[in-house]
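*Asks:* A structural model of the following input is requested.
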Amino acid sequence: MPRRLVETKYFHLAQKLREQIRLIPPGGKLPTIDELRQQFQISRGTVDRVLERLQNDGLIHRPSGRQRYVVASIPDHAVRRIVLVRPDYPSPAFESMARSVVEAGKRADWAFDQVYYRSLQTLDLRQAINDNDAGVLIPTSEAFPPHLLRVLKRPHHPIVVVQVPLAGLAVNNVCLDDFKIGFMAADYLLSLGHRRIVVVLDQPHIPVTTERLAGWRMRLEQAGETNLDELVVDSDVQPGEDAKDKTFQRIGQWLDQPRPAFTAVFCTSDFGAMATLRALSERGIRVPQDVSVIAHGGESNLGPFLFPPLSAVETDLALFGKMVVSILDDQLKKPGSAPRQIRLAPVLVARQTTQRRRPV
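*Replies:* Take a look at the predicted model:
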């Protein structure tokens, strides 16, 4: 039997049994394995696999010496079981994205597991999702290897990739409109009278960063600014490196060398902004009196807690999680439906690191 058909039968039985368990009192018996085989016309192996999964979920158990499963005394009647697949190193951004998805999913009565991986190169996504109903992949800044792209193009379970844009691929995707982030930041600073606006590249050279750079560049070109390359400060951050430390060193070197005049800075992430604010302060450059600073607010929402509070182009994290859950819910209810790709529009929040440029 084709694997896709086996998976369909597995998830159909799992969902039906979860519905039945809701109606059986604690300690009540489930149908026998043979009864389930006959009712759903599936193999014993598939029935065993479903029952094992429901037992792992805490819904049922088999008393010692008994052949039949019974409903657990305190069952967790989650409607769906979703796995978050994320890198194994700490990151406030990863935590915030995961939290937004979990909070949205819990409103739909979903339960969540988490699986960690070291590298996309060694990630077995099918194994990571295993017997869960669906998965959410939070990728690193690495390029997607061929084996991972094959799974994403022909998944056995609904999968949504978040954070990284996947334009041109028929894959479920929720990400930010990174071009608009750079464009909006530059546009706001221009509206305050700033013209020579530095951009600090404080993330690896991945589509997210290059799109924000492109948005900044287009808006300044529209304003008639030239010689923009001299306003680009590239921290040369590599995947897995500490963006704050690397950016602090690089922006400090740039400030201490002969450099073009500037009155404002756009950082492609809030971590870069943290480093930039410290580097400016140590050199007696006041923010915002001498230089205005704006950044992408990131998913960790650090802007309000910096000093001064950071002006930022931010993401509605609640909407982010809601869109991920919406895509998964559609695909779980309508298997085989076309993938959806959503780019979320950012919102500008002006705080205390920006002000109108003073006349010279």
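*Asks:* helices or strands up against whichever helix in the chain runs longest?
*Replies:* Ranked by number of residues, the top helix in the chain under DSSP state H is helix 3-23. Judged by 3 or more Cβ pairs under 8 Å, 6 or more residues apart in numbering; DSSP states H and E, the packing partners of helix 3-23 are helix 33-40, helix 44-56. Every C-beta, even on glycine, is put in place using the N, C-alpha and C of the backbone.
*Asks:* hmm, 10 Å instead?
*Replies:* Contacts defined by 3 or more Cβ pairs under 10 Å, 6 or more residues apart in numbering; DSSP states H and E place helix 3-23 against helix 33-40, helix 44-56, strand 70-71, strand 80-87.
*Asks:* relative to helix 3-23, how tilted is the longest one?
*Replies:* Same thing as helix 44-56. Put simply, helix 44-56 runs at 50 degrees to helix 3-23, going by axes from the mean of the first three to the mean of the last three Cα atoms, to 10 degrees.
*Asks:* roughly how far out does whichever helix or strand comes after helix 44-56 sit from the chain middle?
*Replies:* On the C-terminal side of helix 44-56, the closest following helix or strand by DSSP states H and E is strand 60-61. Remark: strand 60-61 is offset 34 Å from the chain centroid, using Cα atoms, centre = their mean, to the nearest Å.
*Asks:* for stretch 74-89, same thing?
*Replies:* Between the mean C-alpha location of stretch 74-89 and the chain-wide mean there is a distance of 16 Å, by Cα atoms, centre = their mean.
*Asks:* Pick the most deeply packed of the helices and strands packed on helix 3-23.
*Replies:* The densest packing among the helices and strands packed on helix 3-23, expressed as mean neighbour count by mean count of other Cβ atoms under 10 Å, is seen in strand 80-87 with a mean of 22.
*Asks:* Neighbouring strands - and their directions - for it?
*Replies:* strand 110-117 (parallel), strand 134-137 (parallel) (DSSP bridges).
*Asks:* And this structure, what are its domain boundaries?
*Replies:* 3-71, 80-176+317-344, 178-315 (automatic domain parsing).
*Asks:* chain center to the shortest one, what's the gap?
*Replies:* In this view, domain 3-71 has its centroid 33 Å away from the chain centroid, taken as Cα atoms, centre = their mean.
*Asks:* Repeat that for the longest one.
*Replies:* Domain 178-315 sits 22 Å away from the centroid of its parent chain (Cα atoms, centre = their mean).
*Asks:* what residue ranges in the stretch 51-200 of the chain score low on pLDDT?
*Replies:* 76 (pLDDT under 70).
*Asks:* make it 90
*Replies:* Counting by pLDDT under 90, the stretch 51-200 of the chain has low-confidence residues at 51-81, 89-94, 109, 130-133, 140-143, 154-157, 163-169.
*Asks:* wait, is residue 351 part of a strand?
*Replies:* No: when DSSP: H, G, I helix; E, B strand; the rest coil is applied, residue 351 is found to be coil, with no strand at that position.
*Asks:* how near is it to residue 135?
*Replies:* According to Cβ to Cβ, to the nearest Å, residue 351 and residue 135 sit 36 Å apart.
*Asks:* Can you tell me which of the strands paired with strand 80-87 is most buried?
*Replies:* Ranked by mean neighbours (mean count of other Cβ under 10 Å), the strands paired with strand 80-87 are led by strand 134-137, with a mean of 26.
*Asks:* which secondary structure elements does the helix or strand following that strand contact?
*Replies:* Of the helices and strands lying after strand 134-137 in sequence (DSSP H and E), the nearest is helix 146-153. Contact analysis of helix 146-153 by 3+ Cβ pairs under 10 Å, 6+ apart lists helix 125-129, strand 134-137, strand 159-163 as its packing neighbours.
*Asks:* from the middle of its chain, how far away would helix 146-153 be?
*Replies:* What separates the centre of helix 146-153 from the centre of its chain is 18 Å, taken as Cα atoms, centre = their mean.
*Asks:* Let's see it as PDB, backbone CA atoms only.
*Replies:* Below are the C-alpha coordinates for helix 146-153, written out as PDB (Å, rounded to 0.1, in the frame of the first residue of the first chain):
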ATOM      1  CA  PRO A 146      18.300  19.100  -1.100                       C
ATOM      2  CA  HIS A 147      16.900  16.300   1.100                       C
ATOM      3  CA  LEU A 148      15.000  18.800   3.200                       C
ATOM      4  CA  LEU A 149      13.500  20.600   0.100                       C
ATOM      5  CA  ARG A 150      12.300  17.200  -1.200                       C
ATOM      6  CA  VAL A 151      10.400  16.600   2.100                       C
ATOM      7  CA  LEU A 152       8.900  20.100   2.100                       C
ATOM      8  CA  LYS A 153       7.700  19.700  -1.500                       C
END
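*Asks:* No further queries at this time; thank you.
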